[in-house]
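Student: fold the stuff below for me.
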Amino acid sequence: MMDSAKKSDALIMAEAIRLVGEGVSVTFPVNGRSMLPFIVGGRDSVILEKPVDLCVGDVVLAHAIPDNVAHLENAEKHYVIHRIVALSGDDVVLMGDGNLVQREYCKRSEVYAKVVCVVKPNGKKCLQSAWRSRIASKIWYILLPVRNYLLWIYRKVKK
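Tutor: Numbers count the residues shown, from 1 in each chain. This next block holds a predicted model:
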């Protein structure tokens with residue numbers, strides 16, 4: 001049975017997905033650390049819009065399954081806001097910027113929204129389509145082999 005907090009979260013997510021599907025931009029708070037250092041959970045919000053053209057490097061809201069349970073027949077999917085790291089036909093591979101190895105898998109039809117903007121606590125909006133954001137995310141992906149050290153430093157500095 002679902003507790004009331006999970007039920008409430010599920011209703012909010014369903015409403016956000018419905019609105020985005022109707023073409024409404026939705027500002028959504030994020031939680032967790034899986035998108036560090038670009039999106040800080042509990043602090044930043046994201047502006048979600050209907051996904052039109054998906055590209056590697058896009059940050060999206062998707063209903064995905066983690067790779068560590070993908071082989072299980074009844075593995076449970078969950079909602080994530082992560083970056084697309086690979087596209088192949090209908091298959092989408094996602095990875096959080098703050099993750100070191102874990103990836104998630106879904107179909108294009110399970111990508112419900114695209115993050116077009118990250119909103120910082122001071123109200124500053126960082127467009128995800130800006131060349132600066134695109135280059136920073138590409139460099140960050142290239143640094144995957146040393147990302148654990150960079151994230152450790154980031155967490156120490158940002159305490």
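
Student: Q102 contacts A64, correct?
Tutor: No: Q102 is not in contact with A64 according to Cβ atoms under 8 Å; the separation is 10.7 Å. (Each C-beta comes from the backbone N, C-alpha and C, glycine too.)

Student: and the two? which has more neighbours close in?
Tutor: More crowded of Q102 and A64, by other Cβ atoms under 10 Å: A64, with 23 against 13.

Student: figure out how far stretch 68-84 is from the centre of its chain.
Tutor: Between the centre of stretch 68-84 and the centre of its host chain there is 13 Å, according to Cα atoms, centre = their mean, to the nearest Å.

Student: list the buried residues in that stretch.
Tutor: Y79, V80, I81, H82, R83, I84 (16 or more other Cβ atoms under 10 Å).

Student: just the residues you listed now: which is nearest N122?
Tutor: Distance to N122 across the buried residues of stretch 68-84 (Cβ to Cβ) is lowest for I81, with 20.7 Å.

Student: list the strands paired with the top strand by length along the chain, with their directions.
Tutor: Determined from DSSP state E, the single longest strand within the chain is strand 78-88. If you go by DSSP bridges, strand 78-88 pairs up with strand 59-66 (antiparallel), strand 91-95 (antiparallel).

Student: mean confidence score for the shortest one?
Tutor: For strand 91-95, the mean per-residue pLDDT is 96.

Student: now the longest one
Tutor: The pLDDT scores in strand 59-66 average 94.

Student: which stretches of this structure aren't confidently modelled?
Tutor: Scanning the chain for pLDDT under 70 picks out 1-5, 7, 70-72, 159.

Student: from the chain's centroid, how far away is the longest helix anywhere in it?
Tutor: Looking across the chain with DSSP state H, the single longest helix is helix 4-21. Remark: helix 4-21 is offset 16 Å from the chain centroid, using Cα atoms, centre = their mean.

Student: just the buried positions in that helix, please.
Tutor: So, applying 16+ other Cβ under 10 Å, buried residues of helix 4-21: A16, I17, V20.

Student: and for stretch 145-153?
Tutor: Quick answer for stretch 145-153 (16+ other Cβ under 10 Å): R147, L151.
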